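*Asks:* What follows is a protein structure lacking sequence information:
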């Protein structure tokens, strides 16, 4: 793990991020403005107390584009793996990302009581892809009508398929 310190929460917990192998790493690479928001406007304003925590932050200004869009039965759908993940993501071709003021963060507590930034992305929280552990009861229904914009995120070459893997 290649973890670096981001900032300290308002209740004194240090937050770290792995810039190589975490979910956060791929989003930070794509959105280099995220570390500044984390250091200056997100981490210092929250208190972390639970084993795992998910937060949605309205930054009050456009922070970037969200890759999440609604889909219909007429859309061109493809599935693929993204780096540092084991679940297939659903993508839609022919749609565009849209601007948003929201940033979502997820933290996991270390044995020391400090935290790792599990993920950070531009947009609002969603259920995990089917097979994941965040809101699994809503996962299939949500992801049957939503997808990420094809071409907006790095994928693992050779994993693309038009067959639903879940």
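*Replies:* Nice, I can see it. Bear in mind the structure is a predicted one, so any value in this text is a computation, not a measurement.
*Asks:* Poorly predicted segments of the chain, please.
*Replies:* 1 (pLDDT under 70).
*Asks:* Identify the residue nearest the geometric centre of it.
*Replies:* Central residue of the chain (Cα atoms, centre = their mean): residue 121, 4.1 Å from the mean position.
*Asks:* list the contacts for it?
*Replies:* Counting by Cβ atoms under 8 Å, 6 or more residues apart in numbering, residue 121 makes contact with 27, 31, 103-104. Every C-beta, even on glycine, is put in place using the N, C-alpha and C of the backbone.
*Asks:* in a strand, that's where it is, yeah?
*Replies:* Yes. Assessed by DSSP: H, G, I helix; E, B strand; the rest coil, residue 121 belongs to a strand.
*Asks:* any idea how far it lies from residue 76?
*Replies:* 23 Å (Cβ to Cβ, to the nearest Å).
*Asks:* for residue 70, same thing?
*Replies:* From residue 70 to residue 76 the distance is 14 Å (Cβ to Cβ).
*Asks:* more neighbours, the two?
*Replies:* Applying other Cβ atoms under 10 Å to residue 70 and residue 76 shows that residue 76 carries more neighbours, namely 13 against 10.
*Asks:* still on that earlier bit, so what pairs up with the residue nearest to the centre of the chain in the strands?
*Replies:* Beta-bridge pairing of residue 121 under DSSP bridges involves residue 104.
*Asks:* Next: residue 79.
*Replies:* Going by DSSP bridges, residue 79 forms beta bridges with residue 90, residue 161.
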